[in-house]
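1. turn this into a model:
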Amino acid sequence: MNPEDEKHAQQLIEALKKQNQMMNPTTLPKRAAEPLMNETQALVDAAAVESIKTEPFTPVQGAFSECPQCGMMHPPVKPGTRCPNAKVEIKEAGIKDEDINKFLADLKNIAVSQIQSKGIKDGNKLFKHLTLEITKLLEGYSE
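-> Next up is the predicted model:
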């Protein structure tokens, strides 16, 4: 290769390197808008901090109002029905919400055990039968 061809090849390589550097995003010059964005963000942040200091705190409002029976926010229950989350206390019988929850948890464990051991296929049919039998038992119960 003669020296002129070698020089020309070297010039082409240098031109390609410069072109590559221009296309490489890590070597692009910083844009003039970036300092402006940083200043704008700083002003927004300062305004947010100042508004937190000066404006009174207002709690977040949900889509539903507070339930008068349980005190939680959830869709309203049908008129005339009891909220399933409402606490239960029957002073005459000495029953509290915790007692009923424990009884139902125990009943759940018994039902699951029997369903598995007996190989019951239709759980809904069983629960309907249980509801009827428990209702009959409670209606016939007396002390």
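2. and the one helix or strand Lys136 maps to, what does it pack against?
-> Per DSSP states H and E: Lys136 is located in helix 123-140. With contacts defined as 3 or more Cβ pairs under 8 Å, 6 or more residues apart in numbering; DSSP states H and E, helix 123-140 has these neighbours: helix 97-118. Every residue, glycine included, has its C-beta placed from N, CA and C.
3. how close does the closest residue to Pro76 other than its chain neighbours sit to Ala9?
-> Of all residues not flanking Pro76 in the chain, Phe64 sits nearest, at 6.9 Å (Cβ to Cβ, 6 or more residues apart in numbering). Remark: distance between Phe64 and Ala9 (Cβ to Cβ, to the nearest Å) = 76 Å.
4. before we move on, the earlier item: and the residue nearest to Pro76, what's its pLDDT?
-> What the model reports as pLDDT for Phe64 is 74.
5. quick one: it is in a helix?
-> No: read with DSSP: H, G, I helix; E, B strand; the rest coil, Phe64 is coil and lies in no helix.
6. after the worst-scoring helix or strand of the chain on mean pLDDT, which helix or strand is next? Please name it.
-> Using mean pLDDT, DSSP states H and E, helix 33-54 stands out as the lowest-scoring helix or strand of the chain, at a mean of 67. Per DSSP H and E, the first helix or strand lying C-terminal to helix 33-54 is strand 89-90.
7. from Ala42, how far out is Ile95?
-> 61 Å.
8. Asp97 and Val88 touch, don't they?
-> Yes: here Asp97 reaches Val88: they are 4.8 Å apart, a contact under Cβ atoms under 8 Å.
9. which residues are common contacts for the two?
-> Common neighbours of Asp97 and Val88, counting by Cβ atoms under 8 Å, 6 or more residues apart in numbering, are absent.
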